[in-house]
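Asker: Give me the fold of what follows.
(2 chains)
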Amino acid sequence: MENRRFLREIPFHLMLLPGILIVLVYNYIPMAGIVVAFKRFVPSKGMFGSPWIGWDNFQYLLNMPDIYQVLWNTIYISLMKIIAGVIAPVLFALLLNEARNRLVKRSVQTIVYFPHFLSWIILGGIFIDILSPSTGIVNHFLTWLGLEPIYFLGHNSWFPVTLVGSEVWKGFGYGSIVYLAALTGINPTLYEAAVMDGAGRWKQTLHVTLPGLIPMIMLMTILSLGNVLNAGFDQVFNLYSPQVYQSGDIIDTLVYRIGMQDAQYGVATAVGLFKSAVSFLFIGISYGLATRYSDYRIF
Amino acid sequence: MFRKATMGRKVFVISNYAILIGAALICLLPIINILAISFSSSSAVGSGRVQFWPVEFTLKSYAFVLEKPEFMTSFIIAVKRVLAGVPINMLLTILIAYPLSKEKQQFSWRGVYVWFFVITMLFSGGLIPWYLTIKATGLIDSFWALIIPGAVPIFNVILLLNFFRSLPKEIEEAAFMDGATQWKVLWKIFVPLSAPAIATLVLFCIVTHWNSWFEGLILMNDPSHYPLQSYLQTVIVNRDMSLATSTDWKALALVSDRTTKAAQVFVATVPVLCVYPFLQKYFTEGIVMGSVKG
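Answerer: Numbers count the residues shown, from 1 in each chain, chains lettered A, B, ... in the order given. Purely as a prediction, here's the structure:
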């Protein structure tokens, strides 16, 4: 019996084999390679042969003057993005849901979903140009309004705002799709009942539509908590410059500079290990909450 | 519907359309501005006269960009990457999704394998061990470094396996009664029935491969091996002048840095624009399946 079952399942194992091998090599070996955080990396000896040095890399980290600022920047930027990244798509979905003209609706959707599919290289090129203090069209517009030009990408008080703003610009349309789907799922009899009770449009939105969206809002917020240490490497890396390190340097960009530019593999891996461990905790908690409070399942 | 509309309702409807169109314009105008710059003469751009329509229309910037050997080389590498990477991604996605879509009774090891893949979503070794592993497997500076390490897109596997699970069980059972093998059932029944889901994933894979820049940047030592987006990272965003040759400088005086950058940005956007209509047809459905992916 056992034997027959095994024979019957052999095709499944064979189908999985190529994928398993690639994931084993390129996902699991790097996981084991996290030991580099406790080593003095010697290129000739590799990840697993280099000598152990205990907590020295972490000691070095804790003494780095910028590390606390970087940690703060990361959390601050990502929390702002999480908050704005929920509010903007919800508002947009609510407004779009009120529009009745199909042509306008379709056209608006087609346009606002598009930026999601552009890379931060393309968007970096666009934003660096349009936000330039002297030549960019945004500052031309501000001066036309009689305002002072703003150095969006070069001023520490503006840089985080620009990050959050451009992230919302890129993602609010695409992010609204799940809420639009949730809106179509609201039972129409609820609206009929509300009308019977004398509720106007505004009351219907407040007492039927919003409560109908709450589960999806909760789910998306909870799931994004797993990203609390991901402030957006692609975006920051392509928009920042040394003059805004103070407000814009995040964990991932720091790891890149320590690791890939200064080749301090041990220290960079130690930062990476810290990030992975904290992220693991947050992802675990958020998945746990998501499965408990909604019918969310990854598989 | 305006029959009984109150004054307040009318004001709301009009301002709602104004806000929606405003939002669309905010998304569109930056792109149009760049497009206008790319088609304008450098003197018009330099004097700040270009807004949303080309001034002193010219194709010089495009001519300059398309004649630049580095640009064309990296463009071709990016095309090759899509052509090689997407089929490999899809083959592995299908081959993994099928066994994992089975019930525990049909595939007793399912749980073990599911965890094997889920763990990689929860924990990673970080940048440096990932880089060192790729280096140790000898892929640095090789085209395959852009394909093999990321060959298994786990989110896509989850989307597809959920789709497989939603297919009616009866067809599959009937095929097994007729003596079909698992392999046959996968390719003759599951794959054809999942065409919309597979089309969505193909489009997502195309965009992902086209947009990737980081691997190219750090896994290639030789800039002539960069795919387009990595190359653009060095010239547009990073403004790395070491890549600009002396002939570039002479030509740059004629076409200006801003117009060529704008032209390069736009050329790199064209392929995404080309797949976008197809993508849009499917992704609403895709993301609703995928909203469970997080």
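
Asker: And A:V244, how far from chain B?
Answerer: 14 Å (Cβ to the nearest Cβ, to the nearest Å). C-betas here are computed from N, CA, C, even on glycine.

Asker: quick check, B:E56 in a strand?
Answerer: No. Assessed with DSSP: H, G, I helix; E, B strand; the rest coil, B:E56 is coil; it does not lie in a strand.

Asker: wait, isn't it in contact with B:S41?
Answerer: Yes. Shown here, B:E56 and B:S41 form a contact pair, counting by Cβ atoms under 8 Å, at 3.8 Å.

Asker: Between those two, which has more neighbouring residues?
Answerer: Using other Cβ atoms under 10 Å in any protein chain shown as the criterion, B:E56 and B:S41 rank with B:S41 on top: 21 against 13.

Asker: That one reaches B:V55, doesn't it?
Answerer: Yes. Shown here, B:S41 and B:V55 form a contact pair, counting by Cβ under 8 Å, at 7.1 Å.

Asker: Phi first, then psi, for A:P149.
Answerer: phi -60, psi 150 (degrees, to the nearest 10).

Asker: Check the secondary structure at the closest residue to it other than its chain neighbours for me.
Answerer: What sits nearest to A:P149 in space, not counting adjacent residues and going by Cβ to Cβ, 6 or more residues apart in numbering or on different chains, is A:N139, at 4.0 Å. Of the three states, A:N139 takes helix under three-state DSSP.

Asker: so after the least confident helix or strand in chain B by mean pLDDT, what's the next helix or strand?
Answerer: Within chain B, confidence by mean pLDDT, DSSP states H and E is lowest for helix B:246-255 among all helices and strands, at a mean of 49. The C-terminal neighbour of helix B:246-255 among helices and strands, as given by DSSP states H and E, is helix B:257-290.

Asker: List the buried residues for that following helix?
Answerer: B:258-269, B:271-272, B:275-276, B:279-280, B:282-283, B:286-290 (16 or more other Cβ atoms under 10 Å in any protein chain shown).

Asker: residue contacts, B:S43?
Answerer: B:E56 (Cβ atoms under 8 Å, 6 or more residues apart in numbering or on different chains).

Asker: Secondary structure class of it, three-state.
Answerer: From three-state DSSP, the assignment for B:S43 is helix.

Asker: so A:A194 touches A:T205, yeah?
Answerer: No. Judged on Cβ under 8 Å, A:A194 makes no contact with A:T205 at a distance of 9.9 Å.

Asker: Show me which of the two is the more surrounded one.
Answerer: Taking neighbours as other Cβ under 10 Å, A:A194 and A:T205 compare with A:A194 leading, 19 against 15.

Asker: in what helix or strand does that one lie?
Answerer: Going by DSSP H and E, A:A194 is part of helix A:188-196.

Asker: Need the contact partners of that helix.
Answerer: A:203-204, A:207-208, A:212.

Asker: Leaving out chain neighbours, which residue sits closest to A:S294?
Answerer: A:L219 (5.1 Å).

Asker: Could you do B:L139 as well?
Answerer: B:A145 (3.9 Å).

Asker: now A:V267
Answerer: A:V267 sits nearest to A:N57 (Cβ to Cβ, 6+ apart), 5.0 Å away.
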